[in-house]
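Chemist: with the sequence up front, the predicted model follows.
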Amino acid sequence: MGVTAADSNAALQARREAAVPRGLGIQLPVFAAKAENAEITDIEGKRYIDFAAGIAVLNTGHLHPKVKAAVTAQLDNFSHTCIQVMPYEGYIRLAERLNATVPTRGPRKTVFLTTGAEAIENAVKIARHHTGRSGVVAFSGAFHGRTLLGMALTGKVVPYKAGFGTLPGDVYHLPFPVAYHGKEVSQTLEALETLFKADIDPKRIAAMIIEPVQGEGGFYIAQAELLAGIRKICDDYGIVMIVDEVQTGFARTGKMFAIEHSGVQPDIITMAKSLAGGFPLSAVTGKAEIMDSPQAGGLGGTYGGNPLALAAGNAVLDIIEEEGLCARAEEIGTLLTDRLRELQNSNSLKGVIGDIRGLGAMVAMELVADGDANKPDPELTKALIAKAAQKGLILLACGVRGNVIRFLCPLTTSTDLINEGMDILGEAMRECVAERAA
């Protein structure tokens, strides 16, 4: 691929800095030209192995042939009418399929929107309308979007809330239990009882919202005991239980939805990201009587349920079933975890990887100093991401302390390519540690 100074990565980065506000943070100043499955080529012709998948958007890989064919076929017919003006069959078909699949209490109904934040906002709207209440309980470390309500629900101040002024009220946060950091489920449930006594009558709470695996928060897994406890409390007080599956859904954790690992059935599940294989689509699926609460016109959006994205979504469900991606997620998770254990136990990296955790192919390692959970190492995390990118591997960080590397390779990634990526990771880690010691 030929490249000139005018269209180099450096030139485009300069143009970006001049044209785009700094608030849109970009991790890697390298510009994509082409992608297929789990590989991306930049405009200068360099190849990258993609362990980010557009932040869990591409469980079916970049431009899966069946997604591409479905969108092309839809584009031959029409691209937009606005579902509220003139509906179309693709919307109904995908809603029916999600209603039959999503593990909420049934019978179920589904509304489509555009982004994960929109799905969260609408889930809360629906819960408030159904209950006639306003309070919402969320968790520390949670990420639910960058809209005003999304920021209020999110359990991390910097960079998501800092400087943006007064956020919507009646939102309360509980500590998310993380055994690695000495925070137990019992402490969270005790904090909830304290909240009921000190801050808000539970009869004023419309919803409790939780990620079954915290995404941005650090890939911490919500224990079955916690989820069951929340379910009971919601039942006791008539509260709507909302589970945010925006990052965890669509086979990522070895099941279609991560909440299935616990056996708990929430009232509403929110979805986005890998729902449509790279096209902007989100959904709220929930108990029919709750979903039917808002009046006609209370839900919707100009682009919500776009026909092209719906065609992609229907194709994604086919691919997950036909290619056995839930089972493949388990295989990938085992492979990643085994390779990370090797690194953790290697002499040159002793005390660097403090914890390895995962559910299916949603895997993370937490980087610390001296093997101490209380000594997070965000500097090494940042250096490792940059070093890996130089060597052709795209990684993502997460965690409130900025010291977690999350692995989100497409579920269609070959074993050989995963091993190549892990080889690069090991090489990059050893170099980063050696450079620090020098």
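Modeler: Nice, I can see it.

Chemist: contacts and neighbour counts: CA atoms only from here.
Modeler: Will do.

Chemist: run the chain-centre distance for the helix or strand hosting residue 320.
Modeler: Here residue 320, judged by DSSP states H and E, is contained in helix 307-322. With C-alpha atoms, centre = their mean, to the nearest Å as the basis, helix 307-322 stands 18 Å off its chain's centre.

Chemist: helices along the stretch 51-200 of the chain, start to end?
Modeler: Using DSSP state H, counting those that start in this stretch, the helices of the stretch 51-200 of the chain run over 53-56, 65-75, 89-101, 116-131, 148-153, 185-198.

Chemist: and the helix holding residue 320, C-alpha only, in CSV?
Modeler: Output of helix 307-322 as CSV, limited to C-alpha atoms (Å, rounded to 0.1, in the frame of the first residue of the first chain):
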residue,chain,number,x,y,z
PRO,A,307,-32.9,-1.2,8.8
LEU,A,308,-29.2,-1.8,7.9
ALA,A,309,-28.3,-2.4,11.5
LEU,A,310,-31.3,-4.7,12.0
ALA,A,311,-30.2,-6.8,9.0
ALA,A,312,-26.7,-7.0,10.6
GLY,A,313,-28.3,-8.0,13.9
ASN,A,314,-30.3,-10.8,12.4
ALA,A,315,-27.2,-12.1,10.7
VAL,A,316,-25.2,-11.9,13.9
LEU,A,317,-27.7,-14.2,15.7
ASP,A,318,-27.4,-16.7,12.8
ILE,A,319,-23.6,-16.6,13.0
ILE,A,320,-23.4,-17.2,16.7
GLU,A,321,-25.6,-20.3,16.4
GLU,A,322,-24.1,-21.7,13.2
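
Chemist: what angle separates that helix from helix 65-75?
Modeler: Going by axes from the mean of the first three to the mean of the last three C-alpha atoms, to 10 degrees, helix 307-322 is angled at 150 degrees with respect to helix 65-75.

Chemist: 8 is where my numbering starts, stick with that
Modeler: Sure, I'll start numbering at 8, so the last one becomes helix 314-329.

Chemist: so for the helix or strand just after helix 314-329, what gets flagged as buried?
Modeler: The element immediately downstream of helix 314-329 (helix or strand, assigned by DSSP H and E) is helix 332-352. Buried residues in helix 332-352, counted by 16 or more other C-alpha atoms under 10 Å: 332-344, 346-347, 350-351.

Chemist: again, but for stretch 429-440
Modeler: 429, 431-440.

Chemist: go on, stretch 50-61?
Modeler: Result for stretch 50-61 [16+ other C-alpha under 10 Å]: buried residues 50-51, 54-61.

Chemist: what's the closest of the residues you listed to residue 182?
Modeler: Of all these, residue 59 has the smallest distance to residue 182: 27.4 Å, by C-alpha to C-alpha.

Chemist: wouldn't the closest one be in contact with residue 415 here?
Modeler: Yes: contact criterion C-alpha atoms under 8 Å: residue 59 and residue 415 qualify, at 4.9 Å.

Chemist: what do the two both touch?
Modeler: When C-alpha atoms under 8 Å, 6 or more residues apart in numbering defines a contact, no residue borders residue 59 and residue 415 alike.

Chemist: ranges for the strands of the stretch 208-357 of the chain?
Modeler: 212-217, 247-251, 275-278, 289-294 (DSSP state E, counting those that start in this stretch).

Chemist: give me the residues contacting the shortest one.
Modeler: When you say that, I think you mean strand 275-278. Strand 275-278 has contacts (C-alpha under 8 Å, 6+ apart) with 109, 111, 123, 126-127, 130, 247-254, 256, 289-294.

Chemist: what do you get if the cut-off is 6 Å, keeping everything else the same?
Modeler: By C-alpha atoms under 6 Å, 6 or more residues apart in numbering, the residues outside strand 275-278 that reach it are 126, 249-253, 289-293.

Chemist: can you lay out these as CSV showing distance to residue 203, neighbour count and pLDDT?
Modeler: Shown next, in CSV, are the contacts of strand 275-278 (distance: C-alpha to C-alpha, whole Å; neighbours: other C-alpha atoms under 10 Å; pLDDT from 0 to 100):
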residue, distance to residue 203, neighbour count, pLDDT
126, 27, 28, 98
249, 19, 28, 98
250, 21, 25, 98
251, 23, 31, 98
252, 26, 25, 98
253, 28, 28, 98
289, 32, 28, 98
290, 31, 28, 98
291, 28, 28, 98
292, 28, 28, 98
293, 26, 30, 98
